[in-house]
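K.L.:
build me a structure from this.
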Amino acid sequence: MSIPILTIVTIFIILSTIQSVHSLTVNYIDPTKIQLSNAQKPISLNEMNISKIILYSIVIIVLVVTRLKWAKHGRKVTKPKIIIESIFFLAIGSIVIFDSFYNVGIPILYILPYLVVFFGLQHYSYVHSNKFISFWTDSKTSAIYVKGGTHIHLAYVIGTASRIIISVLFIGSLFTPSRRGIIYIDSSTTVLATIVFDLLLMISLGLLIGINRRILIRYKLINTGKEKISEK
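P.N.:
All right, here's what the predicted structure looks like:
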């Protein structure tokens with residue numbers, strides 16, 4: 001449990017630090033240097049986004065490696081681990097969606113289709129993911145392992161990575177006070193792009209939470225002896 005908690009704290013410290021740096025940059029800018037030429041503005045904007053690009057690239061790489069590795073080779077299952085993982089990704093997803101409403105300006109009524117998509121895909125994944133996962137127990141330690149659901153983990157990676165990328169390129173507001181990405185687009189296009197990729201994030205998050213629910217149910221059945229699994 002200490003590793004996920006440490007990871008959460010580390011991520012938020014990094015994000016807070018980046019936000020503070022951007023805030024200081026805005027607050028303490030020299031008034032005599034406010035006027036920048038058109039050639040200088042894109043360069044300054046790109047420099048401001050370098051820290052975000054590095055951080056988000058690390059997040060994407062970690063997601064790809066861990067999700068696909070767990071799906072293909074399996075991982076040890078414990079109830080606290082699955083619950084903490086689900087809470088963590090729900091929290092991150094909620095922060096991203098909040099940012100869409102608060103900074104990008106998505107109409108609040110869109111929370112309804114967001115929730116419908118999330119709960120619908122969560123239930124779909126919960127019902128159908130049973131046939132995509134398999135369990136086994138370690139003959140030496142009696143620990144329970146699970147693998148499978150590669151397409152669900154891949155969907156989560158795509159949904160999360162695409163939302164991060166769209167923020168860096170076009171939106172520019174994710175976790176920072178900046179409201180411009182590397183590539184400038186008008187506000188109406190920004191809102192539309194945010195809605196589309198938010199829905200993709202809700203789909204992928206719903207699929208992930210659904211399969212985690214199914215894993216918890218199967219884990220409980222195995223622990224209570226109601227389901228038998230093979231040893232390795």
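K.L.:
please count neighbours and contacts with C-alpha atoms only from this point.
P.N.:
Noted.
K.L.:
sec struct for Y114, please.
P.N.:
In three-state terms, and counting by DSSP: H, G, I helix; E, B strand; the rest coil, Y114 is helix.
K.L.:
also F135?
P.N.:
Per three-state DSSP, F135 ends up strand.
K.L.:
could you give the bridge partners of it?
P.N.:
V146 (DSSP bridges).
K.L.:
F98 and K79, how far apart?
P.N.:
28 Å (CA to CA, to the nearest Å).
K.L.:
those two: who's more crowded?
P.N.:
Each of F98 and K79 has its neighbours counted (other CA atoms under 10 Å); F98 has more, 17 against 12.
K.L.:
now for that one: which residues touch it?
P.N.:
Contact partners of F98, counting by CA atoms under 8 Å, 6 or more residues apart in numbering, are absent.
K.L.:
T190 versus that one, what's the distance?
P.N.:
Counting by CA to CA - F98 and T190 are separated by 16 Å.
K.L.:
R213 too?
P.N.:
For R213, the distance to T190 equals 34 Å [CA to CA].
K.L.:
what about the helices in this structure?
P.N.:
Along the chain, the segments classed as helices by DSSP state H run 2-27, 40-73, 79-99, 111-128, 150-166, 187-223.
K.L.:
tabulate the ones you listed (JSON lines), appending mean pLDDT and distance to T137.
P.N.:
Shown next, in JSON lines, are the helices of the chain (pLDDT from 0 to 100; distance: least, CA to CA, whole Å):
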{"stretch": "helix 2-27", "mean pLDDT": "43", "distance to T137": "23"}
{"stretch": "helix 40-73", "mean pLDDT": "64", "distance to T137": "14"}
{"stretch": "helix 79-99", "mean pLDDT": "88", "distance to T137": "15"}
{"stretch": "helix 111-128", "mean pLDDT": "95", "distance to T137": "22"}
{"stretch": "helix 150-166", "mean pLDDT": "84", "distance to T137": "20"}
{"stretch": "helix 187-223", "mean pLDDT": "91", "distance to T137": "10"}
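K.L.:
now render these as TSV, adding distance to K140.
P.N.:
As requested, the helices of the chain are exported to TSV (distance: least, CA to CA, whole Å):
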stretch	distance to K140
helix 2-27	24
helix 40-73	18
helix 79-99	20
helix 111-128	31
helix 150-166	27
helix 187-223	16
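K.L.:
of all the ones you listed, which one comes closest to T141?
P.N.:
With CA to CA as the criterion, T141 lies closest to helix 187-223 of these, at 13.9 Å.
K.L.:
thought Y124 was touching G210?
P.N.:
Yes. Y124 is within contact range of G210, at 7.2 Å (criterion: CA atoms under 8 Å).
K.L.:
quick one, which of the two is more surrounded?
P.N.:
Each of Y124 and G210 has its neighbours counted (other CA under 10 Å); G210 has more, 25 against 15.
K.L.:
contacts only, for L68.
P.N.:
L68 touches 150, 153-154, counting by CA under 8 Å, 6+ apart.
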